Each structure stands twice: as structure tokens, then as C-alpha cells.
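Asker: Sequence isn't available, so here's the structure alone:
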């Protein structure tokens, strides 16, 4: 049984008529976020632990580790929220109907 509601549109691979993103374009868009999500929380952990909590506020090592970890987790959640926001924003633009 063939579905007759939507026919294939010439010039495209999907029924919407677009070919979709290429692997290269996805890699270029996602790579900066991946690097930020990996490097920024780790860097912020060591920077805040060393400079803010141990040197400036003079906390002990264990207390400084806990507060630095909290800072790293907050930064990670902010970066993930930005990534998800950008993904939804782009999908809404690409999914918009154009007549």
C-alpha cells in the first residue's frame, strides 16, 4: 500500500524537498559547542579553585573543590542550555513553510 498524501518533490531527497544538512556543515556547527562544553567547565574548575577559592577567599582544599565543582556544573548547564536553544531556534527557521 502506497502513501498518497505527500509526493516526493523534485530536487530533494525528503518529502519536504530539502537534502538536509551535510556531515561537514553539522561538524562545523557542533564542534565549537563540543569544545566549549568540554574545556570551559574543566578550565573554570581549576581557575576558580586556585585563584578565587584558595588564594582570594583562603578556603581549605576540600571546600575549594566543592565550590569550584559547583561553578563548573553551573557553567556546563548554561552551555548545554545555549546549545539546546540554538538547536531549537535553527530547526524552527528551517522548518518554516515558504510559499
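Answerer: It's in. Predicted model, so just to flag it, every value in this text is computed and none were measured.
Asker: report the longest helix in this protein, please.
Answerer: helix 61-94 (DSSP state H).
Asker: ok, the closest residue to residue 53 other than its chain neighbours to residue 77 distance?
Answerer: Closest residue to residue 53 apart from its sequence neighbours, by C-beta to C-beta, 6 or more residues apart in numbering: residue 64 at 3.7 Å. The way it works is simple: take the backbone N, C-alpha and C, and place the C-beta from them, glycine included. Noted for residue 64: a distance of 21 Å to residue 77, by C-beta to C-beta, to the nearest Å.
Asker: any weak-confidence spans in this structure?
Answerer: Counting by pLDDT under 70, the chain contains low-confidence ranges at 1-21, 91-99.
Asker: Give me the phi and psi angles of residue 59.
Answerer: phi -80, psi 160 (degrees, to the nearest 10).
Asker: Quick one: residues contacting it.
Answerer: With contact taken as C-beta atoms under 8 Å, 6 or more residues apart in numbering, residue 59 is in contact with 53, 67.
Asker: so which helix or strand takes in residue 34?
Answerer: Using DSSP states H and E, residue 34 sits in helix 23-47.
Asker: what inclination does that helix have with respect to helix 61-94?
Answerer: 160 degrees (axes from the mean of the first three to the mean of the last three C-alpha atoms, to 10 degrees).
Asker: who does helix 23-47 touch, helix- and strand-wise?
Answerer: Other elements packing on helix 23-47 under the criterion 3 or more C-beta pairs under 8 Å, 6 or more residues apart in numbering; DSSP states H and E are helix 61-94.
Asker: Any buried residues in the helix it packs on, and which?
Answerer: By 16 or more other C-beta atoms under 10 Å, the buried positions in helix 61-94 come out as 64, 67-68, 71-72, 75-76, 79, 83.
Asker: With respect to residue 90, which of the residues you listed is nearest?
Answerer: For the buried residues of helix 61-94, the closest approach to residue 90 (C-beta to C-beta) belongs to residue 83, at 11.0 Å.
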